[in-house]
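Asker: One predicted model, sequence on top.
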Amino acid sequence: MGASSSPSKHHWALHANRRRQILEQYPNISLLFGVDVRTQFYAYACIALQCLFAYFARASALRAVLLAITLGPYVDAAILCFLHEATHMLVFRRVAFNRLLAVFTNLPLLLPVSEVLRQHHARHHRGLGDASHDVDVPAHWEIALVGNRPVAKALWLMFNMCILPVRSVCRLPVKLDFFLVLNVVSCILFGAALFLYSRTSFLFMLLSTLNSQGLHPANTRQVQRHVYDGSDNMRTSDDMPTTYSYYGWLNCIMLNVGYHVEHHDFPRVPWTRLPELRRIAGEKWYPSESAHHSRGLAQLINFVLNPNISLADFAH
C-alpha cells in the first residue's frame, strides 16, 4: 500500500476489484443477489429458544450462570449474525420490514444495538480498516493500552460488548428516528418485564449477551473476521484485503458468517447462498488454506496468548 493510500480506500478497492473480476469470470453469480425471507423463521426460533432458556433459569442462579456460559452465548451470537443480515436488508425487500424484524430480534440481547449497527455497518464496508469510519477497528487508545499483552487482550474481550457500542457512537454520529427510539424503548421495557418476572432469568440473558461478544468461544468470530491467526502463512500481501473466512460446522448455527471474504466481496448475497457463491468461484478466489480452519476455545486462547497478534492488526 502506497503512502498516499488510506487503509479504507485500499481495502474497499481490493474487495471491489475482486468483485468485478469474479463477476467477469462468473456472471451467473449476480443471480445470487437478493433476499431470503426464510431467514425470519431462524430469527423467531432464536428468540423462542433464548426465552425457553430464560424460563429454565427462572428459579436458580446456578442454572442461569451455567446456561449463560454454555448455550446462551451461542444463541445470542446467532441473533447478532441475524441483525447483521437484516442490516444488509437481505431478509425482506422493504427496508422498514428488515428494521422492524431486527428490533424485535434484538430483544433477548437486552442492549439496543440493532439500529446503531444498521446506521454504522455500511461504513465498515466502505471504510474497511479505517479508524475514522470503521467502528470495528479499535481506537488508538485501545491499541496503545492493550497492544499484544495477554491479560489486556483477555480483559478487552471480556468487556467488548460494552466497549464496542461506546466506540461506535463516539466515532460516528447516530441519527435519531422512530426506529432508534423503538429499539431503545422496546429493549428497556422487555428488560424491565424480564427483571420483574425473574431476576435469575434476567441474569441469564444479560450474561449470555456479554459472553456472546466477549471472552467466550462463541465470540471467536470477532477475532477471526479481520485478524490473522498470528502465523506467517496467513499474512496478507498488499494486493489482498485483511479479511478472513472460516468454513467449519459452526456456520450452520451462525448464518454462514464464516464466509466473510465472500460477504465483503458480495454484500448483496444472503447468507443462504454464500456457500454456492464459493462453490462457483472456487478455490482460486476463496482458497481453504487462507481461511481459519477452526473456531472455538483454542483459537480464542491463541488470540489472547499469541504475541504476534495485536489489537493493531484489526486496522491493517
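Answerer: Structure's in. What do you need? From a predicted model like this one, the values you see are computed outputs, not experimental measurements. Numbering: from 1, shown residues only.

Asker: Within the helices and strands, which one has the residue of the chain most remote from its centre?
Answerer: Residue farthest from the centre of the chain, counting by C-alpha atoms, centre = their mean, is Ala59 at 32.0 Å. Remark: Ala59 resides in no helix or strand, with elements defined by DSSP states H and E.

Asker: That one: what's its closest spatial neighbour, skipping adjacent residues?
Answerer: Thr200 (6.8 Å; C-beta to C-beta, 6 or more residues apart in numbering). C-beta here means a position set from N, CA and C on the backbone, and glycine is covered the same way.

Asker: so where is this protein shaky, pLDDT-wise?
Answerer: Of all residues in the chain, those with pLDDT under 70 make up the ranges 1-9, 238, 315-316.

Asker: quick revisit: need the contact list for the residue nearest to Ala59.
Answerer: Ala57, Arg58, Ala59, Ser60, Ala61, Arg63, Ala64 (C-beta atoms under 8 Å, 6 or more residues apart in numbering).

Asker: and the second one, how many neighbours does it have?
Answerer: The burial metric for Arg58, expressed as a neighbour count using other C-beta atoms under 10 Å, is 16.

Asker: Please report the distance of it from Phe202.
Answerer: Per C-beta to C-beta, to the nearest Å, Arg58 is found 10 Å from Phe202.

Asker: Go ahead and confirm Gln119 touches Val174.
Answerer: Yes. Between Gln119 and Val174 there is a contact at 6.2 Å, judged by C-beta atoms under 8 Å.

Asker: what about those two, which has more around it?
Answerer: Counted by other C-beta under 10 Å, Gln119 and Val174 do not tie: Gln119 has more neighbours, with 20 against 13.

Asker: re the thing from before, could you single out the nearest of the contacts of Thr200 to Tyr42?
Answerer: Ala57 (22.7 Å; C-beta to C-beta).

Asker: Thought Arg199 was touching that closest one, still the case?
Answerer: No. Between Ala57 and Arg199 no contact is recorded; they are 10.1 Å apart, counting by C-beta under 8 Å.

Asker: okay, the two: which has more neighbours?
Answerer: Ala57 (26 against 13).

Asker: Could you pull up the contacting residues of the more buried one?
Answerer: Arg63, Ala64, Leu67, Ala68, Ser198, Thr200, Ser201, Leu203, Phe204 are the contacts of Ala57 under C-beta under 8 Å, 6+ apart.

Asker: Please list only the buried members of those residues.
Answerer: Buried subset of the contacts of Ala57 (neighbour count, 16 or more other C-beta atoms under 10 Å): Ala64, Leu67, Ala68, Ser198, Thr200, Ser201, Leu203, Phe204.

Asker: Greatest separation within the contacts of Thr200: which pair is it?
Answerer: Top of the distance list for these (C-beta to C-beta): Arg58 and Ala61, 10.4 Å.

Asker: how about His263, secondary structure?
Answerer: helix (DSSP: H, G, I helix; E, B strand; the rest coil).

Asker: my guess is it meets Leu274, correct?
Answerer: Yes. Assessed by C-beta under 8 Å, His263 is found in contact with Leu274 at 6.6 Å.

Asker: sorry, back to before: wouldn't the residue farthest from the centre of the chain be in contact with Tyr197 here?
Answerer: No. Using C-beta under 8 Å, Ala59 is not in contact with Tyr197; the gap is 11.3 Å.

Asker: tally of neighbours for Cys162?
Answerer: Cys162 has 13 nearby residues by other C-beta under 10 Å.

Asker: And the contacts of the helix or strand hosting it?
Answerer: According to DSSP H and E, Cys162 maps onto helix 160-171. If you take C-beta under 8 Å, 6+ apart as the criterion, helix 160-171 is touched by 111, 113, 116-117, 120, 132-133, 135-136, 138-139, 142, 156, 209-210, 212-215, 219, 222.

Asker: send the alpha carbons of that helix over as CSV?
Answerer: The C-alpha coordinates for helix 160-171 follow below in CSV (Å, rounded to 0.1, in the frame of the first residue of the first chain):
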residue,chain,number,x,y,z
ASN,A,160,-16.1,-5.9,24.5
MET,A,161,-19.9,-5.9,24.4
CYS,A,162,-19.7,-2.6,26.4
ILE,A,163,-16.7,-1.2,24.6
LEU,A,164,-18.0,-1.7,21.0
PRO,A,165,-21.2,0.3,21.3
VAL,A,166,-19.4,3.1,23.1
ARG,A,167,-16.8,3.2,20.4
SER,A,168,-19.4,3.1,17.7
VAL,A,169,-21.5,6.1,19.0
CYS,A,170,-18.3,8.1,19.8
ARG,A,171,-16.8,7.5,16.4
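
Asker: Tell me how far Trp156 lies from Val75.
Answerer: 24 Å.
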